[in-house]
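Novice: here is my input; please provide its structure:
(one chain, ligands or ions: 1)
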Amino acid sequence: METLNTRAAAVASDILTSQESNQAVVLSGAVTASRSQRGWLFGIGTLGILLASVLISPWTATQEAPAPIDPTDYAARTKHVLSTTPLIDGHNDLPYLIRNELKHQIYNDKFTFNTGLLSNTDRQKVRDGMLGGQFWSCYIHCPKDSETKEDVPLDEPTWTLRDTLEQIDITKRFVNEFSDIFQFCSNSTCAREAFANGKVGSFIGIEGAHQIGNSLASLRQLYDLGARYITTTHNCDNVFGTAASTVTAGREDKGLTPFGEEYVAEMNRLGMMLDLSHVSHETMRDVLRLSEAPVIFSHTGAYALSKVLRFAPDDVLKATAEKGGIIMITFVNRFLRPDNPDAATIHDVVDHIWHVAQLVGWDYVGVGSDFDGTPVTPLGLEDVSKYPRLVELLMERGATDEQLRKFAGENILRVWAEVEKVAERIQAEGRKPNEAYWEGRTWVRSDMNAPIMFRDSLGKRVPSYLGNP
Ligand SMILES: [Zn+2]
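Specialist: Numbers count the residues shown, from 1 in each chain. Okay, the predicted model is just below:
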């Protein structure tokens, strides 16, 4: 509650400061006009200033100007930035950990979120880390990883979709159970409001389009349940495109499939963010070419620094920026330092962030930890409580407060709002929900006695559907 009040007051003070400075600009404009124009304007201008000072004075009298922060006091600067801008992480796997460790049971004394967990995320860590918003990953693994070098079964069993629904359910129940610190949101406006309320905005991301059961209808239903991004592939090809892990295993990078093109269009129409973490480089390029909306990398890194195929090469980073998207940097040791994962530190993460910022600018970079989704994390970034340290190190390297506000949360909020705008536009144009289906699909049907729906050209009644069940 203390943090809540402090943060709300800080937000209010920021708003007031900007209102004051706007008024100052307006007033100085009036004065300029009075000098160059007629004398009576000067009189009105002066009267305006007097009136405005009377109106503003009760505020200025009670609202003391905050003491300037020493630019080298990185801890104080970070505290100020993160209490006035939400730090939004693109990827945290706590729901999967709850699934694996607790079979989704949280109303018991085993799930000690309040008093502390050995893993990366708990109440104290969330508060110490000044977390302002989180995309909780509703991840379910691939039926078979493509790293096995065998063909991945594409017409997968429906447990993947069932288990994804369970992941969404546990995420919502978790957020609800700790609603004194979390607030569920499914749009960017709510994400800002949650932060202003002193809550950690909580959003749903799905980590692999294999989780939608190869079905655009399922995709729409997951949107309706509140999911707001889908990673185009995880570590397996799916009916939409090629995964990076497939290429790592020596197989061909085929990029997006024709059905994947329908998928991209439907994601744009819905307002669901396309996440390119885990996909192959050709899939990245295909999606960037086709998408009408900005795309995200919810947890990735720069391929120029770490030669792992799931990281984005420079041309992709540039194309992502040109599209107005975002590259959120991950904390996974084995990707950051493929040569020596044990040596990975917070400085490697700073290097990746810095590379993206130098290459394409601070408008297109963010943070996507993968906390609770990886067994080891870099030295200095052990858990959710460490975000402030990361921001401090970026300051030490020369980033400004404004750049770090973008990095922390403004960029992802801008991307999210833009994706919402594109969807609004497409829907206003009247584009219908996409009825395309994957041609490899098995249509399970019963042999019930159904009436005939159609006649052929000779007037004979024919079955409407001729596929093999
Ligand atoms: Zn991942």
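Novice: just give me the neighbour total for residue 158.
Specialist: Residue 158 has 11 neighbouring residues, counting by other C-beta atoms under 10 Å. C-beta here means a position set from N, CA and C on the backbone, and glycine is covered the same way.
Novice: that one contacts residue 215, doesn't it?
Specialist: No - contact between residue 158 and residue 215 fails when scored by C-beta atoms under 8 Å: they sit 10.0 Å apart.
Novice: show me what contacts the residue sitting nearest the centre point of the chain?
Specialist: For the chain, the residue lying nearest the average C-alpha position, counting by C-alpha atoms, centre = their mean, turns out to be residue 90 (4.1 Å). The neighbours of residue 90, taking C-beta atoms under 8 Å, 6 or more residues apart in numbering as the test, are 135, 205, 296-299, 326, 328, 366-369, 412.
Novice: tell me which element it falls in.
Specialist: strand 87-92 (DSSP states H and E).
Novice: strands along the chain, start to end?
Specialist: Assigned by DSSP state E, the chain shows strands spanning 87-92, 131-137, 182-184, 200-206, 227-231, 273-275, 296-300, 326-329, 365-367, 454-455, 461-462.
Novice: in TSV: the contacts of residue 90, plus pLDDT and neighbour count.
Specialist: Formatted as TSV, these follow (pLDDT from 0 to 100; neighbours: other C-beta atoms under 10 Å):
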residue	pLDDT	neighbour count
135	98	30
205	98	27
296	98	29
297	98	33
298	98	27
299	98	34
326	98	28
328	98	30
366	98	28
367	98	24
368	98	28
369	98	31
412	98	30
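Novice: return the member of these nearest to residue 455.
Specialist: Nearest to residue 455 among the contacts of residue 90: residue 205, at 48.0 Å, using C-beta to C-beta.
Novice: quick one, grab the pLDDT at the residue nearest to the centre of the chain.
Specialist: Reported pLDDT at residue 90 in the predicted model: 98.
Novice: so how far is residue 229 from it?
Specialist: 8 Å (C-beta to C-beta, to the nearest Å).
Novice: next one: residue 81
Specialist: Using C-beta to C-beta, residue 81 is found at 25 Å from residue 229.
Novice: do residue 311 as well
Specialist: 18 Å.
Novice: what of residue 110?
Specialist: 30 Å.
Novice: kindly report the same for residue 299.
Specialist: Counting by C-beta to C-beta, the gap from residue 299 to residue 229 is 11 Å.
Novice: can you give me the helices in the stretch 101-250 of the chain?
Specialist: Counting by DSSP state H, counting those that start in this stretch, the segments of the stretch 101-250 of the chain that form helices are 123-128, 159-177, 188-196, 216-224, 244-248.
Novice: quick one, which of these is nearest to residue 210?
Specialist: That would be helix 159-177 among the helices of the stretch 101-250 of the chain, by C-beta to C-beta, at 6.1 Å.
Novice: one step back: let me have the strands of the chain in JSON lines, adding distance to residue 121 as columns.
Specialist: Putting the strands of the chain into JSON lines (distance: least, C-beta to C-beta, whole Å) gives the following:
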{"stretch": "strand 87-92", "distance to residue 121": "6"}
{"stretch": "strand 131-137", "distance to residue 121": "9"}
{"stretch": "strand 182-184", "distance to residue 121": "11"}
{"stretch": "strand 200-206", "distance to residue 121": "11"}
{"stretch": "strand 227-231", "distance to residue 121": "19"}
{"stretch": "strand 273-275", "distance to residue 121": "20"}
{"stretch": "strand 296-300", "distance to residue 121": "15"}
{"stretch": "strand 326-329", "distance to residue 121": "17"}
{"stretch": "strand 365-367", "distance to residue 121": "14"}
{"stretch": "strand 454-455", "distance to residue 121": "56"}
{"stretch": "strand 461-462", "distance to residue 121": "58"}
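Novice: thinking residue 129 is in contact with residue 391, fair?
Specialist: No - counting by C-beta under 8 Å, residue 129 does not reach residue 391; the two are 10.4 Å apart.
Novice: what touches both of the two?
Specialist: residue 87.
Novice: dihedrals phi and psi, the residue nearest to residue 145 when sequence neighbours are not counted?
Specialist: In space, and not counting its chain neighbours, residue 145 is closest to residue 235: 4.6 Å by C-beta to C-beta, 6 or more residues apart in numbering. When read as degrees, to the nearest 10, the backbone of residue 235 gives phi -80, psi 40.
Novice: likewise the one 5 residues further on?
Specialist: For residue 240, the backbone dihedrals are phi -100, psi -30 (criterion: degrees, to the nearest 10).
Novice: count the neighbours of it for me.
Specialist: Neighbours around residue 240, by other C-beta under 10 Å: 26.
Novice: could you find the closest non-adjacent residue to it?
Specialist: Closest to residue 240 by C-beta to C-beta, 6+ apart is residue 260, at 3.7 Å.
Novice: residues in contact with that neighbour?
Specialist: Here residue 260 is in contact with 232, 239, 240, 241, 283, 286, 287 (C-beta under 8 Å, 6+ apart).
Novice: can you check residue 104 too?
Specialist: Contacts of residue 104 by C-beta under 8 Å, 6+ apart are 98, 166, 169, 170.
Novice: redo those residues as JSON lines? Include neighbour count.
Specialist: As requested, those are arranged in JSON lines below (neighbours: other C-beta atoms under 10 Å):
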{"residue": "98", "neighbour count": "22"}
{"residue": "166", "neighbour count": "17"}
{"residue": "169", "neighbour count": "14"}
{"residue": "170", "neighbour count": "23"}
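Novice: right, and out of those, which lies closest to residue 211?
Specialist: Out of these, the member with the shortest distance to residue 211 (by C-beta to C-beta) is residue 166, at 11.2 Å.
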